[in-house]
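J.: Sequence plus predicted model, see below.
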Amino acid sequence: MISTPNVTGIAVITVALAVVCYYGKGVYPRSFWKFLRQKTALVAGRGLPDFARLTGFPHPKPVHDFNIAHARPRPYRPFRWEYHQNMSLKKLEPDYWLELESTYRDRIKQRRQIYALHGKCIIDELPGSEAASKELMQMVIQYLCMRYPQQFEFDEWTLTFRNHILGSTADISTVHPLVFLLENVPEDFLITQEDPDTGLYILRAAVSTSAVGWNIGQKMGKPLHEIHGPVPDYKEKMAFSMDRYFSKMPCDKPIQRASWGLEVGEPLYLQTDEPEWSHRHHQNPDLPLTDIHMRVDWQTLRRLPNSRAIVFNFKALFTPVTDFCEEPFIPKLLLKILLEGKKPIMEYKGTWSVEHKVIPALREWAKEQEDKGWVPKDWQERTLNEDPFYPGWEKHYPIPT
């Protein structure tokens, strides 16, 4: 129980803090009492940790006029040439750790259905990971409420999270953190922690509904080099450097990267024993080009400040390959990769089953773009300066403000 003098002190400090926020940061009048309530809870020890202060990595900027129904993800086209297998790490942009777009409601519904069908292959944890999962949930809540203030709210006094997109609430004192992530964020989260005996980072908890050809039941409790066992060149070229990177990774330098492949349809979760997997082993001559999509898994990696766990999260995004005809340089660059990419890497990506349809289309679009003057005829394929995007993409994908 808080004593009367302490209550008085809390009230005085809170009002002072709220007034500073109100006048110093241009807060609208209707937000004043919300600020007051938040600051009171913080002083009373009930607020969320300030993760920007704890990590040294800034909070996102809020988007006040965000419309989920019309929101589009940025057009990630992570094509590189010459194409070598490496981690291709980039600095994480503070505003794009968790990116929401128009498929939000459908994707959350799909995630719940996948979990209901597959259980521990979707959500699992090992003893000792609970604190890291809770910390991750808190960080996610803080990010969502700051980035999308019209869509999400958190009441520090009642510990209630409100999702205005879904019309749902969650009591974070009782909900399982991984279930909370499943039901509110259309991304997968894999939590790794250091093994004190080996110094290697082990997968200790996860929620993953976007796995193609694998599932967390096959990865739980394993170190990085075993998790990435099927990845070409990982053991020979990347295992040692990644183990060292994880051991030294600071909180204030999260990173982002992407992987990509070509798919028939939009498979979010697909296992090797399912009938749909079989299409990867043959080329269907009647396959419509409009059924082929590029899948990009946009990934981020960051360390949690208190538990010291490292979280890997990713979101699956699908783009019809027919969109590439309007994207300068992309057809010619992707064509180069499909024709001359290193064979083991291309086999791992599973592009062969659709190449008979995609390659002729890319040739046609590349020529059209040269004829239109979008791409110089003597342009030599290389990683674009705009990587992972393409020149002029901002005209078609307005940035929310």
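T.: Here it is on my side, so go on.

J.: got any ranges where the stretch 251-400 of the chain has weak pLDDT?
T.: Applying pLDDT under 70 to the stretch 251-400 of the chain flags no residue at all.

J.: can you map out the helices along it?
T.: For the stretch 251-400 of the chain, the helices defined by DSSP state H, counting those that start in this stretch cover 330-340, 343-349, 352-371.

J.: nearest spatial neighbour of the most centrally placed residue in the chain, skipping sequence neighbours?
T.: The centroid of the chain falls nearest to Phe314 when counting by C-alpha atoms, centre = their mean (3.4 Å). When the adjacent residues along the chain are set aside, Phe314 lies closest to Gln299, with 4.0 Å between them (C-beta to C-beta, 6 or more residues apart in numbering). Using the backbone N, CA and C atoms, a C-beta is placed for each residue, glycine as well.

J.: residues contacting Pro267?
T.: 212, 276, 295 (C-beta atoms under 8 Å, 6 or more residues apart in numbering).

J.: Could you tell me which of the residues you listed count as buried?
T.: Taking 16 or more other C-beta atoms under 10 Å as the criterion, what is buried in the contacts of Pro267 is 212, 295.

J.: Out of the contacts of Pro267, which is nearest to Ile114?
T.: For the contacts of Pro267, the minimum distance to Ile114 (C-beta to C-beta) is 12.2 Å, reached by Val212.

J.: Mind pulling up the pLDDT for the closest one?
T.: In this model, Val212 is scored at 95, pLDDT.

J.: In contact with it, which residues?
T.: Listed by C-beta under 8 Å, 6+ apart, the contact set of Val212 reads 261, 263, 267, 269-270, 295.

J.: Just the ones in strands from the contacts of Pro267, please.
T.: Residues of the contacts of Pro267 located in strands (DSSP state E): Arg295.

J.: and of the contacts of Pro267, the nearest to Pro78?
T.: Closest to Pro78, out of all of the contacts of Pro267 and judged by C-beta to C-beta, is Arg295, at 11.3 Å.

J.: what sits opposite that closest one in the beta ladder?
T.: Gly261, Phe318 (DSSP bridges).

J.: I'd guessed it sits against Gly261; true?
T.: Yes. Counting by C-beta atoms under 8 Å, Gly261 is a contact partner of Arg295 at 5.3 Å.

J.: would a markdown table of the contacts of Val212 with distance to Glu381 be doable?
T.: Formatted as a markdown table, those follow (distance: C-beta to C-beta, whole Å):
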| residue | distance to Glu381 |
| --- | --- |
| Gly261 | 19 |
| Glu263 | 23 |
| Pro267 | 29 |
| Tyr269 | 33 |
| Leu270 | 31 |
| Arg295 | 22 |
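
J.: Distance check, the closest residue in space to Leu268 that isn't next to it in sequence against Asp171.
T.: Residue nearest to Leu268 in three dimensions, not counting chain neighbours: Ser210, with 5.5 Å by C-beta to C-beta, 6+ apart. For Ser210, the distance to Asp171 equals 27 Å [C-beta to C-beta, to the nearest Å].
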